[in-house]
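S.K.: Just to be clear, the model below is a prediction. Sequence and coordinates:
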Number of protein chains: 2
Amino acid sequence: MRSEVPNSAIGVPSYILLRDQLRENIISGKIPAGARLLPVEIARRFGVSQTPVRGALQQLEGEGLITIFPHREARVRLFDEHFVRNICDLWGVIEGLMARLSIPRLTPAVMEKLNDISECLRIAIESGDMSSRLSLNQEFHRTIYVLSENSEALGIFEKYLGLIEALHNRYGFHPQRGPKILEDHAAILKALHSQDTALVEELVRLHCEGARDDLLACMSESKDT
Amino acid sequence: MRSEVPNSAIGVPSYILLRDQLRENIISGKIPAGARLLPVEIARRFGVSQTPVRGALQQLEGEGLITIFPHREARVRLFDEHFVRNICDLWGVIEGLMARLSIPRLTPAVMEKLNDISECLRIAIESGDMSSRLSLNQEFHRTIYVLSENSEALGIFEKYLGLIEALHNRYGFHPQRGPKILEDHAAILKALHSQDTALVEELVRLHCEGARDDLLACMSESKDT
DNA sequence: TAGTGGTCTAGACCACGGT
DNA sequence: CCGTGGTCTAGACCACTAA
């Protein structure tokens, strides 16, 4: 039987295509947390045998996105409030670290770019454009963090980014969170400009803790109703 | 052909045994950084076919310990000075976070245990027992961090622990590092006792930065000679 | 244009949970 | 003790590299 994966770029093994597609579906919530992953079913859907499916699942388990119970089954990890709290706390210190490390490598061009992004983000928040809001916020932070040149820290940040973003997409924000984000970003920009490492680190951490508390509150409210 | 893996506990799939054994060999340096991993060779050594070997490699790639170049080869990641700096900086903030979070959950019994470990560590350092020194130091930190109840942060800490420890084993310490560790630990214990969250976090971070600078210096010296 | 070795397939095997 | 489905084997296939 020939492979029938559509869009399969030649030369790219199908376990990689499968892995990326499954990861995206998990992160975006299309495959919900806790869902069972049935290799034979996935193999049928993609027109391949079980081997590349297993390859993809093995990698995702290594990444911590799914759990394989040997000889039993594979399931998407649970992402509950405790998980969110853990990740946001972790982010607080990691983003603080990356922001601090980026300071010596900031250039006028980067500051210019950050100002532009902030302006676009303000418009997105005021006009209620959730999709732009999320991606511009991402870009703001990523623009700073790539300068830290700490790929391990950046990798951890990126790993959970889509997951948390999906939760924001599902549970929304409180109305007062928008202005607070703009305020935080402005303060961070100012501290970056004055090269105040300790202040930058503290502001970034507080920013993350604010995000954490807003998301946890939204999750808890949605559970009550 | 029957499986001939010795010590293979029944019910445990061989890709898991292989994965754990390969991980251990990589972390301990028995399989050196940058080494090529040849599935057919590994399969022969363990008396299994290539499929479980690939399963093990896929998981290790997901964990970031090895890199698979599709259609080409799999190699152990490089762990150079830049990597060490990244990990130690990361640890500085993550360990600071976990120490801070653990404070509300400290009990007299835990403080007692930490004092005991410190005393044993002092003896190990003074008598030059490197193996005890490393494991007692691990135990000191882990005893605090498990109380943070942030399994994501703890997982990142644990993930690189063996790797950094192996580097310490290979490159050693400077003579003045031993007393400094004892001094740092004593200060951390005192701050824990007085429940001073900000101070604990700062001391832990400084402790990590000290470890980083010592290890980097040892690595750089060994390269010169 | 080989040769090497990474990837994939079909099917057998067998651990586990429920009957 | 049977059924489901997770695991493993042997071998074919084929992408990439080096002549």
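M.R.: Cool, the structure landed. Numbering: from 1, shown residues only, chains lettered A, B, ... in the order given.

S.K.: Would you mind giving the domain segments of chain A?
M.R.: A:14-76, A:81-224 (automatic domain parsing).

S.K.: Let me know which of those domains is the nearest to chain B.
M.R.: domain A:14-76 (2.0 Å; CB to the nearest CB). (C-beta placed from N, C-alpha, C; glycine too.)

S.K.: what's the span of the closest one from first residue to last?
M.R.: One end of domain A:14-76 sits 20 Å from the other (CA to CA, to the nearest Å).

S.K.: now swap in stretch A:73-86 and tell me
M.R.: 26 Å.

S.K.: Could I get the buried residue list for that stretch?
M.R.: Within stretch A:73-86, the residues that count as buried by 16 or more other CB atoms under 10 Å in any protein chain shown are A:74, A:76-77, A:79, A:83-86.

S.K.: Show me where chain A dips below the pLDDT cut-off.
M.R.: A:1-10 (pLDDT under 70).

S.K.: Quick one: name the residues of it near DNA strand D.
M.R.: With the criterion set to CB under 7 Å from any atom of the strand, chain A comes near DNA strand D through A:2, A:10-11, A:38-40, A:50-51, A:54, A:68, A:70-74.

S.K.: which among the residues you listed end up buried?
M.R.: For the residues of chain A next to DNA strand D, buried by 16+ other CB under 10 Å: A:39, A:54, A:68, A:74.

S.K.: Identify the farthest-apart pair in those.
M.R.: Within those, A:Pro39 and A:Ile68 form the most distant pair, 10.4 Å apart (CB to CB).

S.K.: what's the overlap in contacts for those two?
M.R.: Shared contacts of A:Pro39 and A:Ile68, defined by CB atoms under 8 Å, 6 or more residues apart in numbering or on different chains, comprise A:57, A:74.

S.K.: For chain A, which helix extends over the most residues?
M.R.: For chain A, the longest helix by residue count, based on DSSP state H, is helix A:197-224.

S.K.: Which residue does chain A have closest to DNA strand D?
M.R.: At 3.2 Å from DNA strand D, A:Gly11 is the closest residue in chain A, using CB to the nearest atom of the strand.

S.K.: and that residue, that one's in a strand?
M.R.: No: counting by DSSP: H, G, I helix; E, B strand; the rest coil, A:Gly11 is located in no strand; its state is coil.

S.K.: What parts of chain A come near chain B?
M.R.: A:11-13, A:15-16, A:51, A:54-55, A:58-64, A:70-71, A:83, A:86-87, A:89-90, A:92-94, A:96-97, A:101, A:150-153, A:155-156 (CB under 8 Å from any CB of the partner chain).

S.K.: which residues does A:Asn137 contact?
M.R.: Contacts of A:Asn137 (CB under 8 Å, 6+ apart): A:121, A:181.

S.K.: What of the one 4 residues further on?
M.R.: Going by CB under 8 Å, 6+ apart, A:His141 touches A:95, A:157.

S.K.: between the strand or helix carrying it and helix A:197-224, how big is the angle?
M.R.: Assigned by DSSP states H and E, A:His141 falls within helix A:130-145. Relative orientation of helix A:130-145 versus helix A:197-224 (axes from the mean of the first three to the mean of the last three CA atoms, to 10 degrees): 150 degrees.

S.K.: The most centrally placed residue in chain A and DNA strand C: what is the separation?
M.R.: The C-alpha lying nearest the average C-alpha coordinate of chain A belongs to A:Leu161 (CA atoms, centre = their mean; 0.9 Å). Per CB to the nearest atom of the strand, to the nearest Å, A:Leu161 is found 26 Å from DNA strand C.

S.K.: hang on, that residue packs against A:Leu134?
M.R.: No: using CB atoms under 8 Å, A:Leu161 is not in contact with A:Leu134; the gap is 9.8 Å.

S.K.: Close to DNA strand C: what parts of chain A are there?
M.R.: A:1, A:3, A:13-15, A:47-52, A:55, A:71-72.

S.K.: Export these to TSV and append columns for distance to A:Gly178 and secondary structure.
M.R.: Shown next, in TSV, are the residues of chain A next to DNA strand C (distance: CB to CB, whole Å; DSSP: H, G, I helix; E, B strand; the rest coil):
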residue	distance to A:Gly178	secondary structure
A:Met1	52	coil
A:Ser3	47	coil
A:Pro13	43	coil
A:Ser14	42	helix
A:Tyr15	41	helix
A:Gly47	45	coil
A:Val48	44	coil
A:Ser49	49	coil
A:Gln50	47	helix
A:Thr51	48	helix
A:Pro52	43	helix
A:Gly55	42	helix
A:His71	49	coil
A:Arg72	45	coil
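
S.K.: filter the residues you listed to the buried ones?
M.R.: A:14-15, A:48, A:52, A:55.

S.K.: tell me the two of those residues that are most distant?
M.R.: A:Val48 and A:Gly55 (10.2 Å).

S.K.: Mutual contacts of these two, please.
M.R.: A:Leu18.

S.K.: my read: A:Glu152 touches B:Phe83, true?
M.R.: Yes: the pair A:Glu152 and B:Phe83 qualifies as a contact (CB under 8 Å) at a distance of 7.4 Å.

S.K.: What are the boundaries of the strands in chain A?
M.R.: Secondary structure of chain A (DSSP state E): strands at A:36-37, A:66-69, A:73-76.

S.K.: any chance of those strands in a markdown table, plus distance to B:Ala186?
M.R.: Converted to a markdown table, the strands of chain A look like this (distance: least, CB to CB, whole Å):
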| stretch | distance to B:Ala186 |
| --- | --- |
| strand A:36-37 | 50 |
| strand A:66-69 | 41 |
| strand A:73-76 | 45 |
